[in-house]
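Asker: coords please:
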Amino acid sequence: MTLDQKIAALVCYGERTGLIPACERDYSVNQILALFGVADFAWPDAPAQPDWPLEKILEALLDEAAARGLLAENTTLWRDLFDTRLMNCITPRPAQVIDRFYTLYAQSPRQATDDFYRFCQDSDYIRRYRIQKDVRWQIDSAYGQIELSINLSKPEKDPKAIAAAAGGQSGYPRCQLCVENVGYAGRADHPGRSTHRVIPIRLLGEDWAFQYSPYVYYSEHCIVLNTRHVPMRIGRRTFEKLLDFVRQFPHYFLGSNADLPIVGGSILSHDHYQGGRHDFPMARAPVDFWRRIEGFEDVSLGVVRWPMTALRLRGHKIEPLADLAAYVLNRWRAYSDPAAEILAGTGDTPHNTITPIARKNGADYELDLVLRNNRTTAQYPLGIFHPHSEKHHIKKENIGLIEVMGLAVLPARLNQELRQLARALADGAPFDGPLLEKHAAWAEPMRQTCRGRTEAEIWQTLLLETGRVFVGVLEDAGVYKQTPAGKAGLERFLKTL
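Answerer: A predicted model of the protein is given here:
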């Protein structure tokens, strides 16, 4: 294949997906030629592989770039930086994307998001072929079905990127959420965002932006971010903004990570929310009982049967919901229950906050408030309500919004570790080496049940047992457990309302 044929294949892809109209064919070719430092081009009589999938087209062009010495190194990091610049040659400008979104929004919010989501995949901002590599499964639990994933689509940190970050970042963009990432070419310590596009929206009269996550942990995983680089803070306006968003996009949910370290599994330096069109396990969980709080009679408050302590507020109007949510938050921030290891603060350091999630449920608005506490002790230096040490071989990271709702996003290392573990169990081999030693205490009791089974069967057993560990992780993170003592403790807090 010649370079001309490879370029033609990419431009044909752009036309086929509607990224560019036919009248922009020559313009797109010339933009790609400039990236390769080439001045001549002849349109092939029959472009090689005109129906190639995008992954194959980009692979061929990236190999060409590497052969011509256009990459600092022929690694995933530098290939990703170059291919986003390639794709930008066939990606509409931001104003075109925004105009199309709001033209479709006038017909239907769902039609607008459907189209924008498809666009983000066609432009390769969301790399579909990598997302498909993620390992996903479900297990049944006492709390209903729990969802799990091993994330393989997010590239591992390149050693050079780590070194570059240690050497001091440029300060632009200020973080990976800031709107100045739109169209940013990237560098060794910052991902390329040449094809990144955002949609401006208004929440409570403020300028915010709507975009999709490039790693889509679930269906239509979106991010709604403040256009100003300001820190996260949960308060009444947070609840109003979440509800205002689902008013405008009633087919989506929107939630926020907590605003304190340990229980905030996110970038706390930039105010943002996460949402999308996904029916999470927590949203399907039953409510054990409903209450009415004096002074807030327009809103029902229920206790969700869930490993983490979740209160569900339901009502027809946004204002009364936000009023009650703010009331609960303020009471919780000041609440201490030493018998349950809960202290509102230590000195000037606060410990209590909330993870909120908003959605529409028919004609009603719902707002789930998950109680969080980030207190640490000598026994639990990473957090009392954090995955405990015996579960760190599976999950050590903070429990953020997505996992609060019942979808585990487990580290990529587990794919290799669990597969090696399945092989060792099938062969009756010891759990030696750095990858397996951490799992030994957990896996040893499985030897008897795995004897005589195939490696594939053992793999399924390991996925099931991993899911059970994750359920235990959620129970660790719950401030009040689903036990008599935990229910009594929650009742003590509810009485303060």
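Asker: show me what contacts residue 478?
Answerer: Each residue near residue 478 by CB atoms under 8 Å, 6 or more residues apart in numbering is listed here: 306, 307, 308, 309, 385, 486. Where you see a C-beta, it was placed from the backbone N, CA and C, and this is true even at glycine.
Asker: can we see that at 6 Å?
Answerer: 307, 308, 309 (CB atoms under 6 Å, 6 or more residues apart in numbering).
Asker: can I see the domain layout of the chain?
Answerer: 3-90, 155-164+194-214+217-385+486-496, 412-477 (automatic domain parsing).
Asker: Let me have those domains in CSV, extended by mean pLDDT and distance to residue 127.
Answerer: Formatted as CSV, those follow (pLDDT from 0 to 100; distance: least, CB to CB, whole Å):
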stretch, mean pLDDT, distance to residue 127
domain 3-90, 94, 8
domain 155-164+194-214+217-385+486-496, 95, 7
domain 412-477, 96, 15
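Asker: Sort out which one of the contacts of residue 478 lies nearest residue 29 for me.
Answerer: Nearest to residue 29, judged by CB to CB, of the contacts of residue 478 is residue 308 at 53.7 Å.
Asker: tell me the phi and psi of the residue nearest to that closest one when sequence neighbours are not counted?
Answerer: Nearest residue to residue 308 in three dimensions, chain neighbours excluded: residue 478, at 4.2 Å (CB to CB, 6 or more residues apart in numbering). Main-chain dihedrals, residue 478, degrees, to the nearest 10: phi -80, psi 130.
Asker: for residue 313, same thing?
Answerer: Dihedral angles (degrees, to the nearest 10) for residue 313: phi -100, psi 140.
Asker: What's the separation between it and residue 302?
Answerer: To residue 302, residue 313 is 8 Å away according to CB to CB, to the nearest Å.
Asker: Just the closest of the contacts of residue 478 to residue 239, please.
Answerer: For those, the nearest to residue 239 is residue 309 (17.6 Å; CB to CB).
Asker: gap between the closest one and residue 331?
Answerer: 14 Å.
Asker: higher neighbour count, those two?
Answerer: Ranked by neighbour count (other CB atoms under 10 Å), residue 309 and residue 331 place residue 309 first, with 24 against 14.
Asker: Now for that one: which residues touch it?
Answerer: 371, 478, 479, 480.
Asker: from these, which ones fall inside strands?
Answerer: residue 371 (DSSP state E).
Asker: In the contacts of residue 309, find the pair that's most separated.
Answerer: Longest span within those, CB to CB: 371 and 478, 8.4 Å.
Asker: my read: residue 125 touches residue 197, true?
Answerer: No. Counting by CB atoms under 6 Å, residue 125 stays clear of residue 197, with 7.4 Å between them.
Asker: what's the residue nearest the centre of the chain sitting at in phi/psi?
Answerer: In the chain, the C-alpha nearest the mean C-alpha coordinate belongs to residue 217, at 4.9 Å (CA atoms, centre = their mean). Note on residue 217: its backbone torsions stand at phi -70, psi -10 [degrees, to the nearest 10].
Asker: Also residue 186?
Answerer: phi 90, psi 170.
Asker: residues touching it, list them.
Answerer: 81, 192.
Asker: Switch the domains of the chain over to JSON lines; also include distance to residue 173.
Answerer: Shown next, in JSON lines, are the domains of the chain (distance: least, CB to CB, whole Å):
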{"stretch": "domain 3-90", "distance to residue 173": "15"}
{"stretch": "domain 155-164+194-214+217-385+486-496", "distance to residue 173": "9"}
{"stretch": "domain 412-477", "distance to residue 173": "25"}
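Asker: between those, which one is nearest to residue 395?
Answerer: domain 412-477 (5.1 Å).
Asker: what about residue 206, how many residues close to it?
Answerer: Neighbour tally, residue 206, other CB under 10 Å: 14.
Asker: Quick check: beta-bridge partners of it?
Answerer: residue 203 (DSSP bridges).
Asker: The one 4 residues further on now?
Answerer: Beta-bridge partners recorded for residue 210 (DSSP bridges): residue 199, residue 224.
Asker: sorry, back to before: and the residue nearest to residue 308, how far from residue 376?
Answerer: Distance of residue 478 to residue 376, computed by CB to CB: 17 Å.
Asker: One more: residue 413?
Answerer: 25 Å.
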